[in-house]
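Undergrad: Kindly generate the corresponding structure for this input.
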Amino acid sequence: MEKIFAATQHYVMIILRHKKITFPTTKQEILAKAGKESVRIDWDMYVTLSEYCKNVKLDTFTTKAAFFNAILGSNTIYDF
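TA: Numbering: from 1, shown residues only. Sure thing, here's the model as predicted:
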């Protein structure tokens, strides 16, 4: 499994709170409000929220937990 920079989820949470994103919502709404925000994904690496969410396959999220599960799943590589 690819290493995960655990603080990334914290930074995404801050963006959601700062942009007043509430759930239920859609991927399109999240990216329209916050897609250009910078997310730290490693000690010295940042990407936009749009880039971080590019592989998320779901379009709607009933809860914040569903959104975080989707972005974690789309950014983790499992090597079995």
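Undergrad: going forward, measure contacts between C-alpha atoms and count neighbours the same way
TA: Fine.
Undergrad: Just give the nearest non-adjacent residue to residue 41, would you?
TA: Sequence neighbours aside, residue 8 is the residue nearest to residue 41 in space, at 5.3 Å (criterion: CA to CA, 6 or more residues apart in numbering).
Undergrad: Which strand or helix spans that neighbour?
TA: helix 7-18 (DSSP states H and E).
Undergrad: Which positions in that helix come out as buried?
TA: Judged by neighbour count using 16 or more other CA atoms under 10 Å, the buried positions of helix 7-18 are 8, 9, 12, 15, 16.
Undergrad: elements contacting it?
TA: Applying 3 or more CA pairs under 8 Å, 6 or more residues apart in numbering; DSSP states H and E, we find helix 7-18 packed against strand 38-42.
Undergrad: Do you have the helices of this protein handy? List them.
TA: For the chain, helices defined by DSSP state H occupy the ranges 7-18, 27-34, 49-52, 64-74.
Undergrad: Which one, of these, ends up nearest to residue 43?
TA: helix 7-18 (9.5 Å; CA to CA).
Undergrad: CA atoms only: put that closest one into PDB for me.
TA: The C-alpha trace of helix 7-18 is given here as PDB (Å, rounded to 0.1, in the frame of the first residue of the first chain):
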ATOM      1  CA  ALA A   7      -2.400  15.300   7.600                       C
ATOM      2  CA  THR A   8      -3.900  15.700   4.100                       C
ATOM      3  CA  GLN A   9      -7.400  14.800   5.400                       C
ATOM      4  CA  HIS A  10      -7.000  17.500   8.000                       C
ATOM      5  CA  TYR A  11      -6.100  20.100   5.400                       C
ATOM      6  CA  VAL A  12      -9.100  19.100   3.300                       C
ATOM      7  CA  MET A  13     -11.300  19.400   6.300                       C
ATOM      8  CA  ILE A  14     -10.100  23.000   6.900                       C
ATOM      9  CA  ILE A  15     -10.900  23.800   3.200                       C
ATOM     10  CA  LEU A  16     -14.400  22.400   3.500                       C
ATOM     11  CA  ARG A  17     -15.000  24.400   6.700                       C
ATOM     12  CA  HIS A  18     -13.500  27.600   5.300                       C
END
